[in-house]
Structure formats: C-alpha cells, structure tokens
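Student: take this sequence and fold it.
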Amino acid sequence: QVQLVESGGGLVQAGGSLRLSCAASGRSFKNSAMGWFRQPPGKEREFVAVISWVDNWSRYSDSVKGRFTISRDNAKNAVYLQMNGLRPEDTAVYFCAAADVFAVRVSEFEYWGQGTQVTVSS
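Tutor: The predicted structure is shown next:
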C-alpha cells in the first residue's frame, strides 16, 4: 500500500520558519516528481513547489519563490519543504504528492498524503 505521510506542521509567528517532511512508503519514488501543495481555508488546493527525479530540478509558485525550498532524499524516499519568512497568508493544510511526470497541476499527481496544518499568526 502506497503511503505519503507529512509531518512538521504547526503554529508559528509571522517571519518564522518551519520544515515539512514527507515520508513515502509502499514503492520507490526515486523516479517520480514530488510536489507540495496547500489548501487555505475555504479555498482550492494550490501548487507550491515540485522537484524532479532528474538533477533535482525544481519549480515554485510565485507566492513562495525565494522563501520556500523543496528538497528530496531518494535514499530515504522522502521530500522536504523548508519554509522561511512565513506570512499569515501561508496558513493552509500542506499536502505532499507524487507524480510520474514533472507536473504542477493537482490532477497530474497520483499519490497524496493526508496533509499537515500550518498556521502563521500575525
């Protein structure tokens, strides 16, 4: 059974940092693109960042570029999201996802975690 399990969420003040982790099990994701998405309260799920299986090439949404960094450890079957300079508008449930293509659309990701809550207070 394929599982993606996120951890590292929590409550932080504006300007603070958090590091999210996603542990994958059930299959190897070393040849998959791994992504982070978020869903703010009352809004649709949106793309945050993705990292490829080749050369760790990454892409970010404009809203997090320069503040968030995605990374992966294929040996551990894990992906991470370092979030610095957090803002109240970053408050959301953050999801880890995996896709067999380099993608940014929700519909292109086949595997999803259950999400971890990130709350940024002003």
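Student: every contact and neighbour count from this point should use C-alpha atoms.
Tutor: Will do.
Student: report how many residues lie close to Gly16.
Tutor: Neighbour count for Gly16, taken as other CA atoms under 10 Å: 14.
Student: swap that for Pro40, please
Tutor: Using other CA under 10 Å, Pro40 has 17 neighbouring residues.
Student: grab the nearest non-local neighbour of it.
Tutor: Taking CA to CA, 6 or more residues apart in numbering, and ignoring the residues beside it in sequence, Pro40 has Ala92 as its nearest neighbour in space, at 4.0 Å.
Student: cool, Asp73 as well?
Tutor: That would be Val79: by CA to CA, 6+ apart, it lies 6.2 Å from Asp73.
Student: Glu108 now?
Tutor: Ala99 (6.4 Å).
Student: what's the pLDDT at the residue nearest in space to the middle of the chain?
Tutor: For the chain, the residue sitting closest to the mean C-alpha position, by CA atoms, centre = their mean, is Trp36 at 2.3 Å. Looking at Trp36, its pLDDT reads 98.
Student: repeat that for Gly26.
Tutor: Here the pLDDT value assigned to Gly26 is 90.
Student: okay, now the closest residue to it other than its chain neighbours: neighbour count?
Tutor: Distances taken as CA to CA, 6+ apart place Val2 nearest to Gly26, at 4.2 Å, with adjacent residues excluded. The local packing of Val2 (other CA under 10 Å) involves 11 other residues.
Student: ok, now Leu18?
Tutor: Neighbours of Leu18 (other CA under 10 Å): 18.
Student: ok, it - contacts?
Tutor: Listed by CA atoms under 8 Å, 6 or more residues apart in numbering, the contact partners of Leu18 are 8-10, 12, 82-84.
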